[in-house]
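Engineer: Okay, predicted coordinates and the sequence, questions at the end:
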Amino acid sequence: MPSLPISDPLVFEPLFMERVWGGRRLEELYGKKLPADLRIGESWEIVDRPEAQSIVRDGPLRGKSLHELWQNHRREIFGDIADAPRFPLLIKLLDARETLSVQVHPPNELAAELGGEAKTEFWYIADADAGAELFVGLRAGSTREKFEVALHKGEVADHVHRISVQTGDAMFLPSGRVHAIGGGNLIVEVQQNSDTTYRVFDWNRKGSDGKPRALHVEQSLRCIDFDDCEPALSNAQHELLVRGSHFEVQKWKLDAEREVAPAGEFAIIFCLADELTCGGTRISAGEFFLLPASAKNRMIHPAPASELLRITLPP
């Protein structure tokens, strides 16, 4: 393949997803141009899936898909990383105007058997209403037997651990951890490239058609880690928020220019506050860019109040 003309970071077009629990906060907070009159719950910002593709917005690579870059220009864009059929991360913004269903994602040892894909994920609370909550893990003393009884009685809420959150909090969610996002949260979600979710409980509410939403009780009960009780938030006071086998996320508060990543390595940047400039690319709060491994311009220049998330794959 011919070499690519890479100097600056790549910015991709977001893909907006309507969800019954979504809202318009991405427009209100970040100025994103959402489709009119729809509840947008998810903005897929970095995605390489058969049903959804990130497309480069500007520059000499405009119009190229993330999958095309992954297949044909992997070393130039992503450096020397492990082989995989697709780019291994899916990165989203989630606008939870209402509380999501209680759900779980399958662990590796069960995913294929259940016909799904394993998913470990991470949440950063980019904006939270007063009184916002997350539901993660089980309450102390809960067991599978108690959970199943509560499920049949419609009382699962009594067994899920609730955590009050505010802007800047973070939570790691290994596969098998039962969870739900409470209403009033805007979240940056970093996850394995998977779209498998099993809903176990939906707060006894009905969908837009007046009927209860479909649940996946049998699959959920097989996947839930019933020993996972009352997990704590990640320590968001440190620069390193999470480092695991699937991704690493750091939070930077910048008061001077800084190298995004060493030459030969890529990184994905999300602007949390103010704006950022790298080479000829400028992004504002709510926007992402991907710095290719071979990009020439690698220094990021902050505005007075710039904050960012830096997302990479583990070495």
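Structural biologist: Thanks, I have the structure now.
Engineer: hey, let's count contacts and neighbours off CA atoms from now on
Structural biologist: Will do.
Engineer: Spit out the contact partners of the closest residue to Glu259 other than its chain neighbours.
Structural biologist: Once flanking residues are discounted, Glu259 sits nearest to Met299: 4.3 Å by CA to CA, 6 or more residues apart in numbering. Taking CA atoms under 8 Å, 6 or more residues apart in numbering, we find Met299 in contact with Glu257, Arg258, Glu259, Val260, Cys278, Gly279.
Engineer: looking at these, which has the most residues close by?
Structural biologist: For those, the largest neighbour count, defined by other CA atoms under 10 Å, is 22 neighbours, found at Cys278.
Engineer: So which residues of the stretch 1-150 of the chain form helices?
Structural biologist: Counting by DSSP state H, counting those that start in this stretch, residue ranges of the helices within the stretch 1-150 of the chain are 25-30, 66-72, 74-78, 108-114, 144-153.
Engineer: Distance to Glu230 for these - can I get that in JSON lines?
Structural biologist: Listed next are those as JSON lines, based on distance: least, CA to CA, whole Å:
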{"stretch": "helix 25-30", "distance to Glu230": "29"}
{"stretch": "helix 66-72", "distance to Glu230": "37"}
{"stretch": "helix 74-78", "distance to Glu230": "37"}
{"stretch": "helix 108-114", "distance to Glu230": "23"}
{"stretch": "helix 144-153", "distance to Glu230": "15"}
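Engineer: Identify, out of those, the most deeply packed stretch.
Structural biologist: Highest mean neighbour count of those: helix 74-78, a mean of 21 (counted as mean count of other CA atoms under 10 Å).
Engineer: Can you spell out which helices and strands pack onto that helix?
Structural biologist: helix 66-72 (3 or more CA pairs under 8 Å, 6 or more residues apart in numbering; DSSP states H and E).
Engineer: And the helix it packs on, what does it pack against?
Structural biologist: strand 48-49, helix 74-78.
Engineer: Report the contact partners of the residue nearest the centre of the chain.
Structural biologist: By CA atoms, centre = their mean, the chain has its centre lying nearest to Glu189, at 1.7 Å. By CA under 8 Å, 6+ apart, the residues touching Glu189 are Ile91, Lys92, Leu93, Leu94, Glu121, Phe122, Trp123, Tyr124.
Engineer: who's in contact with Trp21?
Structural biologist: Shown in contact with Trp21 (CA under 8 Å, 6+ apart): Arg39, Gly41, Ala96, Arg97, Glu98, Thr99, Leu100.
Engineer: Nearest to Glu307 among those?
Structural biologist: Ala96 (22.4 Å; CA to CA).
Engineer: The closest one touches Gly183, doesn't it?
Structural biologist: Yes. With contact defined as CA atoms under 8 Å, Ala96 reaches Gly183; the gap is 5.2 Å.
Engineer: and those two? which has more neighbours close in?
Structural biologist: Neighbour count, other CA under 10 Å: between Ala96 and Gly183, Ala96 has more, with 26 against 20.
Engineer: Poorly predicted segments of the protein, please.
Structural biologist: 1-5, 208 (pLDDT under 70).
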